[in-house]
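Chemist: how would this look folded up:
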Amino acid sequence: MVSIGEVLCLLLVAILWGGTNPFLKKGTEGIEQVQRGNKILQFMAEVKFLFSNCKYLVPFMLNQSGSLVFYFTLASTDLSLAVPVVNSLTFLFTLLMGKWLGEEFGGKRAVLGMLLTMTGVTVCVLSSVSETDIKELRNTSDH
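Modeler: Numbering: from 1, shown residues only. A predicted model of the protein is given here:
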């Protein structure tokens, strides 16, 4: 069974990954103008472009912190729950953040997809949350 704390960690990972994806995309704008003579110099110039660009570097570091949280959460969370929950919620947060930033996201079909994703994630989480955690939540809300 998964604890509420583990669910919150998985949610944090999805927010960090999904919330930074549109910013990473924006941070790479202009990399196509970087041109060098051979593949090694091209690679090094692109790495320099990315890591000297705060619009890329800050979201990249936040994204990587999500990877650290995910790694540590996997030590105590069932892999068959963690991976689908985080991946589907990451997709959802990417769409929401992109929309917030003014990107198009697919209209009614995307909304339907988000609702179906949320339904599936909710079923996965509810089937995995331990009874003791549910009782603890009820006890704390009664006081």
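Chemist: Next, residue 54: phi, psi?
Modeler: phi -60, psi -30 (degrees, to the nearest 10).
Chemist: What separation do you get for it and residue 100?
Modeler: Distance, residue 54 to residue 100, using C-beta to C-beta, to the nearest Å: 20 Å. No exception for glycine: its C-beta is placed from N, CA and C like everyone else's.
Chemist: Where does pLDDT dip in the protein?
Modeler: 1-2, 129-143 (pLDDT under 70).
Chemist: residue boundaries of the helices in it?
Modeler: With helices called from DSSP state H, the chain shows them at 4-27, 39-51, 54-74, 79-100, 108-128, 131-142.
Chemist: Most tightly packed of those helices?
Modeler: Per-stretch averages of neighbours, counted by mean count of other C-beta atoms under 10 Å, single out helix 4-27 among these, with a mean of 20.
Chemist: What helices and strands are in contact with that one?
Modeler: When contacts are defined as 3 or more C-beta pairs under 8 Å, 6 or more residues apart in numbering; DSSP states H and E, helix 4-27 sits against helix 54-74, helix 79-100, helix 131-142.
Chemist: same thing but 7 Å
Modeler: Under the contact criterion of 3 or more C-beta pairs under 7 Å, 6 or more residues apart in numbering; DSSP states H and E, helix 4-27 touches helix 54-74, helix 79-100.
Chemist: and the longest one with helix 54-74, angle?
Modeler: Spelled out, that is helix 79-100. 160 degrees (axes from the mean of the first three to the mean of the last three C-alpha atoms, to 10 degrees).
Chemist: Look up how far residue 24 lies from residue 30.
Modeler: Taken as C-beta to C-beta, the span from residue 30 to residue 24 is 13 Å.
Chemist: again but with residue 106, I slipped
Modeler: For residue 106, the distance to residue 24 - C-beta to C-beta - is 20 Å.
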